[in-house]
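**Student:** Fold the following and give me the result.
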Amino acid sequence: MICKRLVLAIVPLIWGVCTVPAQAKIYRWTDANGEVHFSDQAPPVGGQAVTLPKDSSGLGESAQQVRRDRRVTGALEEDRLAAAKNRKKQAAEAARRKHNCDVAKERLATYRNVATVYQSLPNGNRRALTDAQRSALESRAAAAVSQWCGSD
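**Tutor:** This is a model prediction of the structure:
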């Protein structure tokens, strides 16, 4: 009889503890490669706990968990899209820099290798540049190579 009463007293306590909704922390961190991670485990270093808004829908725990999972999934998708957009932007900038570098190198080589540099005139004629003008063009072209090519 005592055993039955003890079981009847303990079971509701265990049931109550098991049914209390758990508020798990969600951690967000960025690794060395710039990727954003979310986890319910504490990150290796420098992670920040993310507080998700409480669900006031009155739904059961499993429905609330589904909603929390969707919010985390949505945040992950936003971060993934932002990272892809950033990579695309960086690739476009690298292509632009390479193109400008190639043009600047070609222009500098032309100024250094031709006997005479000419300037086109509005009337369709051209005139030869003086040594000082040619030197100024060469200096500007060398500066453009440095700007676009870096230490190439």
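
**Student:** tell me the secondary structure for the nearest residue to Asp31 once chain neighbours are set aside?
**Tutor:** Spatially, and ignoring its direct neighbours in sequence, Asp31 is nearest to His37 (6.4 Å; C-beta to C-beta, 6 or more residues apart in numbering). Any C-beta I mention is one placed from the backbone N, CA and C, and that applies to glycine too. Of the three states, His37 takes strand according to DSSP: H, G, I helix; E, B strand; the rest coil.

**Student:** From the chain's centre, how far out is the strand or helix carrying Ser146? Work that out for me.
**Tutor:** If you go by DSSP states H and E, Ser146 is part of helix 131-149. In terms of C-alpha atoms, centre = their mean, to the nearest Å, the centre of helix 131-149 is found 35 Å from the chain centre.

**Student:** Which secondary structure elements does that helix sit against?
**Tutor:** Applying 3 or more C-beta pairs under 8 Å, 6 or more residues apart in numbering; DSSP states H and E, one finds that helix 131-149 makes contact with helix 61-113.

**Student:** Determine the angle, from 0 to 180 degrees, between the helix it packs on and helix 131-149.
**Tutor:** 160 degrees (axes from the mean of the first three to the mean of the last three C-alpha atoms, to 10 degrees).

**Student:** Give me the mean pLDDT for the next helix or strand after helix 61-113.
**Tutor:** Using DSSP H and E, the helix or strand that follows helix 61-113 towards the C-terminus is strand 118-120. Strand 118-120 shows a mean pLDDT of 92.

**Student:** Given strand 118-120, what are its sheet partners and their directions?
**Tutor:** Here strand 118-120 has these sheet partners by DSSP bridges: strand 126-128 (antiparallel).

**Student:** what comes into contact with the partner strand?
**Tutor:** Strand 126-128 is contacted from outside by Thr116, Val117, Tyr118, Gln119, Ser120, Leu121, using C-beta atoms under 8 Å, 6 or more residues apart in numbering.

**Student:** how far out from the middle of the chain is it?
**Tutor:** Remark: strand 126-128 is offset 50 Å from the chain centroid, using C-alpha atoms, centre = their mean.

**Student:** got the contact list for the residue nearest the centre of the chain?
**Tutor:** With distances taken as C-alpha atoms, centre = their mean, Ala83 lies nearest the centre of the chain, 3.6 Å away. The neighbours of Ala83, taking C-beta under 8 Å, 6+ apart as the test, are Gly34, Glu35, Val36.
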